[in-house]
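Enquirer: Structure of the sequence below:
(3 chains)
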Amino acid sequence: MSIRLPSSLWRRLMRKRSFCLSAGFLLLLALVAVLAPMLAPHAPNDQNLLEVLLPPFWADGGSLDYPLGTDGLGQCVLSRLLYGTRIVVVIAITAPVGAALLGCVLALLGGYHSGWLNWAIDRFVDIWLSFPSVLLALILMVALSPGLQNVILAIIFVDWARFCRVIKAEVLVIRRREYVAAARISGASIYGVIKREVLPGIVPSLIALMALEISIAVVAESVLSFAGMSVGPGTPTWGAMISDGLGSMYSSPYPLLLPVLMMILTVLAATFLGQGLSEATDVRALERSGAA
Amino acid sequence: MNTTSATEPNIAMVLIARPARLIWLLLRQALWRMPMLIIISLVVFVILRGIPVDPLNMLVPPNASSADIARLSHQLGLDRPVLVQYGYWLLAALHGDFGISIQTGTAVTAMILEALPTTLQLLGAGFAAGLVMGLGSGLLSFHLRGTRFEPAIMTLNGIMIAIPDYLWAIVLIISLGVGLQWLPFVGPIDAALQVRKLTGFTLLDSLLSGNAAAFASVVSHLALPALALGLCVATPIARMLHASLAEVYHEDYIHAARLRGVAEKPLLLRHALRNAALPTIALIGVQASVIIGGTLLIETIFGLPGIGALMLRALGAFDMQTIQALAVVYAITVQIVNLVISWALQRINPRLRSSP
Amino acid sequence: MFERLNAVEPPDMHIIETPFKASNAHPLAALTATPDRAPVLTLESVSVTARTSGADSVVLRDLSLTLAAGKTLGLVGESGAGKSMLGRILSRQLPEGFKVTSGTVDFAGQDLLQVSTEQHRQWLGTRIAFIPQEPMSALNPLMTIGQQMTEHLLRIGVGALECPERAILALEQVRLPRAAAILQQYPYELSGGMCQRVMIAMAFASLPALVISDEATTALDVSSQAHIISLLRGLQEQHGTAVLFVTHDMGLATHACDDVAVLYAGEIMETGPASRLFSAMRHPYTQALRQAIPEMTGPLIRLKPLAGQMPGVESFPDLGGCRFETRCQYAVELCKQRPPILQSLPDGQSVRCSRWAQIDLSAITPDVLGEHTPGQAMSGLQILQIKGLSRTWPGQRSWFGRKPGVEALKPLDLSVAPGEFIGIVGGSGSGKSTLARLIMGLEQPSSGTLILNDQALNFGEKDWRRRISSIQMIFQDARAALNPKRRVGRLLTQAMESHAHLHSERSARAIELAANVGLARSAIERYPTQLSGGQRQRVNIGRSLCDMPQILIADEIVSGLDVSVQAQIMNLLLDLRKEHKFSLLLISHDLAVVRYLCSRVLVLHQGEVVESGDTEQVLSNPRHPYTQALIASVPPTRSDAVWRAATPSDH
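Expert: Below you'll find the predicted structure:
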């Protein structure tokens, strides 16, 4: 994100411990994703049928060969987790950007076109939001073939509507502000108004929505993987690990527990990142503190 | 007095018109939702045409000639434009005929009717559990405002709100199911027990047939999935209720009521709660599609034979007819929940009742 | 009327020193506590301290008041003077960090600060009642008027069976027609004036000893204001209620109250009978206020605004002496050193000024301030001609086509000459803001043409450029009209953004404009939220002047400002007119403001011009009944003039 943040904002953010921790965690995740081939002790799909369902090294019967144990097919859990990070990170970056772009463009179109286009966009947003997004994504993945690109497309196709609704509401509010009318009678063109008056106004909401979308997209991908309709069987993902882990839950909980834990940590980190950002950029809060 | 008379509506008209207006509003809302259902089904229909697997290949025997295939294709209408095909599908669907499942060879409608009660039962139990937990913790956290418990509850809520439903399901299975072994987590009822099928709703059927053991078993089997679903309903409700109560307490009418000497308890129950309930109920409407989508995985994880499990099987088998029909069923469910929500909002807020 | 009552006698003889504490004879005691009227409320040296970021700050200092049964005490002051604080003390609703640190509040023989919380709550609504500022939002939107009345009646001890009857009776007492029907209605179905009547009915239902009205008429139209005041006066007389009347409107206070206390920066500066306060004032601040208020009648005198603004709560600890000293034209070194005390004078007034006896307020008379003429046409040219301009809101769609639309503005003709200031007056919903937006081109008219500099104005891009280079608008709410994320310098020169300009050129223009509208140069680098309301309005005006327009449209630009700031802005507009020779269309509900600025006036009522012409003529000899009612509803500033709209006999 190439959004220039004022230095006071940075200071406010850095003072929040939850923000620092979650941002640190997500950065670490990205680093792990890049370095996965160097960090992983095994190839993620190597099966060792002699050593299935090994516990992690600290438990009885564990070995440092497989630090976090093996799953039902004798695959190294740690290696699969590390490689799974790659999908998570790619999704966490592309899906929010794509959904935000599509949503914002449609929101601005709708907000500035008061005729049939606005009506049509509104109705489509209504329809999209009234249909379970998990379901829509699954149906899309059935029609498209498995693959990372298609997963990203499916998530964007499903999640743009939330951006569109929130951003459009903001655009309409800002459009009605007197300072926009003032800009117009100062001779600003529509693009000038959008660039200088409207866009700066929607940035806080946009940041908050994108942070929220990180966790939503990551969860959506894991659901698709869980249902076996994501990137395909050859690529390890956390969702697929959870799905496999459920089957061998009684014999060994670790292949289930560890990816679930990673998912929860990632989702929490993304959520707290979003909360920190939206609190720090909340104009109303800023004005309140400025007025007091 | 000339300043006031102009703005007064005719009171007799208002009184008579209110109930009639409410019914009309609800009817109009229901009608207004029909085109949405049609568009959803059309979108799904068009998407499903993109399935890489040719449905004909599954229907014809391997030794069929190309002429046979063409004849069958014509028979099924697959050689016509997509919109025409959709028209035929819609016409049949309006008569309750969703076609034959290529997966099982049985009528899709019958399969859905068989599975639907399980899902609705889960949804009902999940909503009920969620409402109780959400309203309870929201009120509790507001009651504890200003103490050190308030931020603690809100932080916990912030953590819980982030965890998606299917992870809750797994966390609950691992902790309460496998770990503590408090509650069962596989299937709708103990394998040894049987319930005579009357309505399809196992809770109701076991009660009606007076089978206490079966009822207890159904309840205990429903507990974890309902809790998993309920947690996803409860956390946003609690957060919203807490926030809107805090906001409502800054409103002029609360201040004015306090200046009239209204005590804190009636202030909360009579003045604040109803006002704070408005955004909270509206939020449930917004969340409805997420919650209903959540049943999909929860059913699969807990081995409940509902439409979610049916859907996942159909998706795996490229069973177009079933997928299409189930998509419509899900859409209708969401619309019904939203209809109930808007009815509830209109009950509470007089402004929504009378706005033209 | 500016004469001093006791000018001949040596002033020192009449000063009764009131020490800060421990005195039973406080300044107003002699005035209001007549034997038959026992004091209902007595405040003695009450101080409220606020914990601000730095040192503790005395928000309310040494407040002493007496309010007798059946009397109305006005508490007047500009925003930030602390006039709402007294109501908050009585209701125990002080903001967080605020505390009563000294003094006693005696309510009917008991110390209100000492009684238990439960006892205090019992008194609220029964013995002490409040009338709120915003009647529409003070009623629960989800409950009918009947439900809320019943709740209150049950609480004050009316039996459940009697409630409906009592509720109707109470509503009839506040002269609400068809009371039974109103009980079934929700607050949003009533007008602001009707809601306020409901609130008054609830306040008086328990026949309380004390009613506190905090800006109860501020949110209402002027015409309902007069009705509410007369209603309040009537009920008070009938039941012998003591009323504490908090307001920012000095004119209103002189007519609605028996006694008035003027607050400035948390201190009472002057008290006295309402009838004499503005004719025989003793404090320089009261005098300054008086000189800043435009009048409805009499000669047009140039207003003399107070420079600067009231110190904020944060700066109270730094004010060692008189809190008005920084803005006082009579201040001497002594004023900085020691806070003056409130001295009561034998004629019933009291004043907090150590130099009141030395300064001669009568020296500033109308002739010293100078006559003044409002903005008149500078030539016979017509720069803007409006012909048949109208706006109709499309009706709602129904099954059988559309319902008939609402005419926000009926066809209107108007022409504007250079330098002419034209007032457009009307109540809310009169279409005056619609007219402004139509002329500016922010809305499309349903019919009519504009001719700007002898050329018809259409809706193409070229005509839009022509329009905005000749016509500019000053928006009503300066806070909303200035993008909070941009600096003042950029905002002032916003009009230069549509063309390429050198950075230096733009900065130079910003400095020039800032100087023009009386802003300090340092303000250029600030954000709008860092400015005061008056400063923001100056930025707003400066921005509209950037491209040197011929016509300015000003929509209620002084309505939200305090009187002294209002006078500053009005004089600024007149001074700028001399320099730039622009015309002004002033949209306002305030007739006195229009009289001060405009040579011509249009009165709009329900989208229609009901009267127009020379301002003086229209105001002194109104022909249309609406104009007559509008003029009558304004409380005259002169206390000896009768405010006819609020005299009960009118009903």
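Enquirer: Would you mind giving the domain segments of chain C?
Expert: C:375-391+C:406-470+C:551-635+C:644-651, C:475-548 (automatic domain parsing).
Enquirer: Extract the residue ranges of the stretch 501-650 of chain C that are flagged as low pLDDT.
Expert: C:639-640, C:644-650 (pLDDT under 70).
Enquirer: Just the strands from it, written as ranges.
Expert: Per DSSP state E, counting those that start in this stretch, the stretch 501-650 of chain C carries strands over the ranges C:551-555, C:583-588, C:600-605, C:608-614.
Enquirer: In the longest one, which residues are buried?
Expert: Right, strand C:608-614. C:608, C:609, C:610, C:611, C:612 (16 or more other C-beta atoms under 10 Å in any protein chain shown). For glycine as for every other residue, the C-beta is placed from the backbone atoms N, C-alpha and C.
Enquirer: helices or strands next to that strand in the packing?
Expert: strand C:600-605, helix C:625-632 (3 or more C-beta pairs under 8 Å, 6 or more residues apart in numbering or on different chains; DSSP states H and E).
Enquirer: Just list the residues touching the residue in the stretch 101-250 of chain B positioned nearest to chain A, thanks.
Expert: Here the stretch 101-250 of chain B gets closest to chain A at one residue, residue B:162, 3.9 Å apart by C-beta to the nearest C-beta. Going by C-beta atoms under 8 Å, 6 or more residues apart in numbering or on different chains, residue B:162 touches A:215, A:264, A:267, A:268, A:270, A:271.
Enquirer: hmm, try it at 10 Å
Expert: A:212, A:215, A:219, A:264, A:266-272, A:274-275, B:235 (C-beta atoms under 10 Å, 6 or more residues apart in numbering or on different chains).
Enquirer: Now intersect those residues with the helices, please.
Expert: A:212, A:215, A:219, A:264, A:266-272, A:274-275, B:235 (DSSP state H).
Enquirer: Any quick PyMOL command for the buried ones out of these?
Expert: Command for PyMOL that selects the buried part of the ones in helices among the contacts of residue B:162, burial taken from 16+ other C-beta under 10 Å:
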select buried, (chain A and resi 212+215+219+264+266+267+268+269+270+271+272+274+275) or (chain B and resi 235)
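Enquirer: Just send the ones in helices among the contacts of residue B:162 back as JSON lines, with distance to residue C:257 and pLDDT too.
Expert: Listed next are those as JSON lines, based on distance: C-beta to C-beta, whole Å; pLDDT from 0 to 100:
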{"residue": "A:212", "distance to residue C:257": "55", "pLDDT": "87"}
{"residue": "A:215", "distance to residue C:257": "61", "pLDDT": "89"}
{"residue": "A:219", "distance to residue C:257": "65", "pLDDT": "91"}
{"residue": "A:264", "distance to residue C:257": "65", "pLDDT": "91"}
{"residue": "A:266", "distance to residue C:257": "66", "pLDDT": "93"}
{"residue": "A:267", "distance to residue C:257": "63", "pLDDT": "91"}
{"residue": "A:268", "distance to residue C:257": "61", "pLDDT": "91"}
{"residue": "A:269", "distance to residue C:257": "62", "pLDDT": "92"}
{"residue": "A:270", "distance to residue C:257": "60", "pLDDT": "90"}
{"residue": "A:271", "distance to residue C:257": "57", "pLDDT": "87"}
{"residue": "A:272", "distance to residue C:257": "56", "pLDDT": "87"}
{"residue": "A:274", "distance to residue C:257": "54", "pLDDT": "84"}
{"residue": "A:275", "distance to residue C:257": "51", "pLDDT": "81"}
{"residue": "B:235", "distance to residue C:257": "54", "pLDDT": "92"}
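Enquirer: Residue C:158: which of the ones in helices among the contacts of residue B:162 is nearest?
Expert: Checking the ones in helices among the contacts of residue B:162 against residue C:158 by C-beta to C-beta gives residue B:235 as the nearest, at 44.3 Å.
Enquirer: If we ignore the residues flanking it in sequence, what's nearest the closest one?
Expert: The shortest distance from residue B:235 to any residue other than its chain neighbours is 4.0 Å, reached at residue B:161 (C-beta to C-beta, 6 or more residues apart in numbering or on different chains).
Enquirer: List the residue ranges of the stretch 1-150 of chain A that fall below the pLDDT cut-off.
Expert: Looking along the stretch 1-150 of chain A with the criterion set at pLDDT under 70, you get A:1-9.
Enquirer: how deep is the closest residue to chain B within it tucked in, by neighbour count?
Expert: Taking C-beta to the nearest C-beta, chain B has its nearest neighbour within the stretch 1-150 of chain A at residue A:132, 2.7 Å off. By the criterion of other C-beta atoms under 10 Å in any protein chain shown, residue A:132 has 24 neighbours.
Enquirer: which residue packs closest to it, ignoring adjacent ones?
Expert: Nearest non-adjacent residue to residue A:132 (C-beta to C-beta, 6+ apart): residue B:293, at 2.7 Å.
Enquirer: Please determine how far that neighbour is located from residue B:213.
Expert: Note on residue B:293: its distance to residue B:213, by C-beta to C-beta, to the nearest Å, is 34 Å.
Enquirer: more neighbours, these two?
Expert: residue B:293 (22 against 12).
Enquirer: The more buried one and residue A:131 touch, don't they?
Expert: Yes: using C-beta atoms under 10 Å, residue B:293 is in contact with residue A:131, at 8.4 Å.
Enquirer: what's near enough to touch residue C:411?
Expert: Residue C:411 neighbours (C-beta under 10 Å, 6+ apart): C:386-391, C:445-448, C:607-609.
Enquirer: Narrow those residues to just the buried residues.
Expert: C:386, C:389, C:390, C:391, C:445, C:446, C:448, C:607, C:608, C:609.
Enquirer: Okay, domains of chain B per the record?
Expert: Taken from automatic domain parsing, chain B resolves into B:32-95, B:108-352.
Enquirer: Pull the number of nearby residues for residue B:263.
Expert: Residue B:263 has 13 nearby residues by other C-beta under 10 Å.
Enquirer: May I ask which helix or strand encompasses the closest residue to it other than its chain neighbours?
Expert: Nearest residue to residue B:263 in three dimensions, chain neighbours excluded: residue C:121, at 6.6 Å (C-beta to C-beta, 6+ apart). Using DSSP states H and E, residue C:121 maps to helix C:117-123.
Enquirer: neighbouring contacts of that helix?
Expert: B:258, B:260-264, C:90-92, C:107-108, C:110, C:112-116, C:128-129, C:155, C:208-210.
Enquirer: Give the buried subset of these as a PyMOL selection command.
Expert: Selecting only the buried entries of the contacts of helix C:117-123 in PyMOL, with 16+ other C-beta under 10 Å as the criterion:
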select buried, (chain B and resi 258+260+261+262) or (chain C and resi 90+91+92+107+108+112+113+128+129+155+208+209+210)
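Enquirer: Where strands are concerned, which of the contacts of helix C:117-123 count?
Expert: C:107, C:110, C:128, C:129, C:210 (DSSP state E).
Enquirer: Name all residues that make contact with the closest residue to the third one other than its chain neighbours.
Expert: By that I understand residue C:128. Sequence neighbours aside, residue C:210 is the residue nearest to residue C:128 in space, at 4.9 Å (criterion: C-beta to C-beta, 6+ apart). Residue C:210 sits next to C:40-41, C:67, C:69, C:90, C:107-108, C:112, C:123, C:127-130, C:241-244 when contact means C-beta under 10 Å, 6+ apart.
Enquirer: Just give me the neighbour total for residue C:165.
Expert: 11.
Enquirer: That one in helix, strand or coil?
Expert: Put simply, residue C:165 is helix when judged by DSSP: H, G, I helix; E, B strand; the rest coil.
Enquirer: Now residue 214: closest residue in space that isn't a chain neighbour?
Expert: By default, I'm working from chain A. residue A:270 (4.0 Å).
Enquirer: wrong one, I was asking about chain C
Expert: Using C-beta to C-beta, 6+ apart, the nearest residue to residue C:214 is residue C:246, at 4.6 Å.
Enquirer: Contacts only, for the residue nearest to residue A:214.
Expert: Taking C-beta under 10 Å, 6+ apart, one finds A:22, A:25-26, A:29, A:92, A:96, A:210-219, B:162 in contact with residue A:270.
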